[in-house]
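Undergrad: Here is a sequence with its predicted model. Questions after.
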Amino acid sequence: FVSNLLLFIPLITNSQTAYWWQVGGGVDTTVDAIANYNGQLATGGSFLHVDGNLRAANYIAVWTGTQWDTLSSGLDNAAKTLAVFQNHLYVGGNFNNAGGNPAAKIAMWDGTTWNPVTTGTSSTVNVIYAPDTALYLGGTFGNAGGIAGTNFIARWNGTAYCPLATGMNNYVSTMMKFNNKLYAGGFFTIAGGVSASKIACWNDTAWTALGTGLNNVPKAMAVFGGDLYVGGSFTNAGGIAASYIAKWNGTAWSTVGSGVNNTIYAMQVFNGALYVGGTFTTAGGATADKIAKWDGTTWSSVALGMNANATSAVYTLDTVGGHLFAGGAFFKASGVPCKHLAILTDTSHVGIDEFKIENLNALVYPNPMENATTIHLQSCLLKAKVTLLDVLGNEVFSNNYFGNDFVVERKNFPSGVYYARIEDV
């Protein structure tokens with residue numbers, strides 16, 4: 001009889017060019033922002049714990065590549081956006097306290113302690129963007145640092161907030177530099193006193209509209225192939241039908257294939273392609289579950305996507321150490337359990353992946369596998385049963401072993417994603 005279920009390990013066989021893998025045991029709820037912080041992955045959101053719910057983090061933590069580091073006592077409410085400026089990590093959101101000290105909606109981590117950014121903002125910071133010698137912030141706030149004219153958008157030069165003309169008449173949700181100009185998107189219809197529907201361009205002196213603009217809110221922007229790509233909840237750009245994504249070449253709007261079928265929240269250029277994340281399930285008319293790739297001509301899915309349920313979403317994308325990371329509200333990625341944070345890994349990688357399940361350590365190598373893989377348990381078992389199951393729960397392999405090293409041969413089962421169930425019998 002089965003006395004104890006020890007492990008349930010996801011295994012990958014080489015079939016696709018890449019797959020998603022959980023980062024550091026995942027987090028306990030939604031990830032809203034990630035950023036490359038000095039070669040490490042800063043992670044913010046509405047979560048309270050990291051490392052499989054084992055460690056308190058309070059809305060923000062840093063994945064070093066091998067472990068989670070918490071940032072003092074964290075925040076007192078959700079982190080919505082992250083950016084690195086002058087080698088420091090800036091975070092914006094709904095919070096009023098960082099590390100036990102007052103910090104109104106925006107704070108700076110200097111590597112050791114949290115610091116307020118003067119008196120902060122009057123309401124939520126949705127986006128922080130640091131492209132060069134200045135940091136820009138946008139949100140639902142009516143002022144930043146009490147400075148007149150900082151309506152929904154402001155610039156921080158390291159010592160003080162500055163207005164961009166008179167700002168907007170409603171909230172800002174995304175920003176991006178393109179052709180040496182700052183582009184801002186949000187729910188506004190006026191920018192600096194000029195009519196601009198949901199998106200506008202700042203030339204360091206004044207705001208201008210982008211044609212007739214968008215019919216709904218943009219959520220993300222990226223520069224790819226010499227154009228500014230914009231994604232969001234809109235279906236019309238510059239008077240042309242555009243399914244949640246469009247591109248601007250500096251003078252006119254155009255479509256991006258047939259687009260996607262629901263909102264885009266995140267964009268990132270990686271390995272010569274544009275990756276987008278959101279709540280959509282198709283891209284270019286083909287299945288693409290919450291994440292897709294545009295190569296300049298064609299849409300494609302990415303490693304089976306974040307296939308959990310209808311409420312799943314990818315909210316943020318960024319690159320660290322040559323890898324693409326995705327965060328959001330999802331419980332599966334590439335068909336295996338993955339709590340809200342994932343890394344896209346090339347299947348040419350062959351190494352040793354360590355799994356920590358409570359007090360039991362296991363090494364699995366190589367994973368993905370070609371012909372066989374070895375599962376090594378730190379604890380020696382008198383007798384163990386190893387069963388491989390496909391993503392539908394069908395058994396494809398089973399064998400009994402003694403000791404703590406189990407060699408699983410691939411045999412004739414097809415390429416794909418599998419679970420290794422290990423039972424003490």
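TA: Cool, got the structure.
Undergrad: measure G26 to A333 for me?
TA: Here the criterion is C-beta to C-beta, to the nearest Å. By it, G26 lies 10 Å from A333. Using the backbone N, CA and C atoms, a C-beta is placed for each residue, glycine as well.
Undergrad: ok, those two, which is more surrounded?
TA: The neighbour comparison of G26 against A333 (other C-beta atoms under 10 Å) goes to A333, with 35 against 23.
Undergrad: Which neighbouring elements make contact with the strand or helix carrying D69?
TA: Using DSSP states H and E, D69 maps to strand 68-70. The contact analysis (3 or more C-beta pairs under 8 Å, 6 or more residues apart in numbering; DSSP states H and E) places strand 68-70 against strand 55-56, strand 60-63.
Undergrad: Show residues contacting the next helix or strand after it.
TA: Going down the chain from strand 68-70, the next helix or strand is strand 79-85, by DSSP H and E. Applying C-beta atoms under 8 Å, 6 or more residues apart in numbering, the external contacts of strand 79-85 come out as 32-38, 42, 44-45, 59-60, 89-95, 124-130, 135, 156, 158.
Undergrad: mean confidence for strand 79-85?
TA: Taken as a whole, strand 79-85 has an average pLDDT of 98.
Undergrad: Spell out which strands sit alongside the very next helix or strand once past that strand in the sheet and which way each one runs.
TA: Heading C-terminal from strand 79-85, the first helix or strand you meet, by DSSP H and E, is strand 88-93. Counting by DSSP bridges, the strands paired with strand 88-93 are strand 79-85 (antiparallel), strand 106-109 (antiparallel).
Undergrad: on that earlier part again, just the buried ones from the contacts of strand 79-85?
TA: By neighbour count, with 16 or more other C-beta atoms under 10 Å, the contacts of strand 79-85 hold 32-37, 42, 44-45, 59-60, 89-95, 124-130, 135, 156 as buried.
Undergrad: Looking at those, which are in strands?
TA: Judged by DSSP state E, the subset of the buried ones among the contacts of strand 79-85 located in strands is 32-37, 42, 44-45, 60, 89-93, 125-129, 135, 156.
Undergrad: Show me which helix or strand of the protein is least confident by mean pLDDT.
TA: strand 353-357 (a mean of 37; mean pLDDT, DSSP states H and E).
Undergrad: how many other residues sit next to K339?
TA: 22.
Undergrad: Just the terminal-to-terminal distance for stretch 252-264.
TA: 21 Å (C-alpha to C-alpha, to the nearest Å).
Undergrad: and if you look at stretch 164-184?
TA: Terminal residues of stretch 164-184 lie 11 Å apart, using C-alpha to C-alpha.
Undergrad: Pretty sure W207 sits against F188.
TA: No - using C-beta atoms under 8 Å, W207 makes no contact with F188, being 9.9 Å away.
Undergrad: residue contacts, V117?
TA: Counting by C-beta under 8 Å, 6+ apart, V117 makes contact with Y90, A103, I106, A107, M108, G145, W156.
Undergrad: Next secondary structure element downstream of the helix or strand where M267 lies?
TA: For M267, the enclosing helix or strand under DSSP H and E is strand 264-270. For strand 264-270, the following helix or strand on the C-terminal side (DSSP H and E) is strand 273-278.
Undergrad: ok, now which ones touch the nearest residue to T374 once chain neighbours are set aside?
TA: Leaving aside its chain neighbours, T374 sits nearest to V407 (5.3 Å; criterion: C-beta to C-beta, 6 or more residues apart in numbering). Residues in contact with V407 (C-beta under 8 Å, 6+ apart) are A372, T373, T374.
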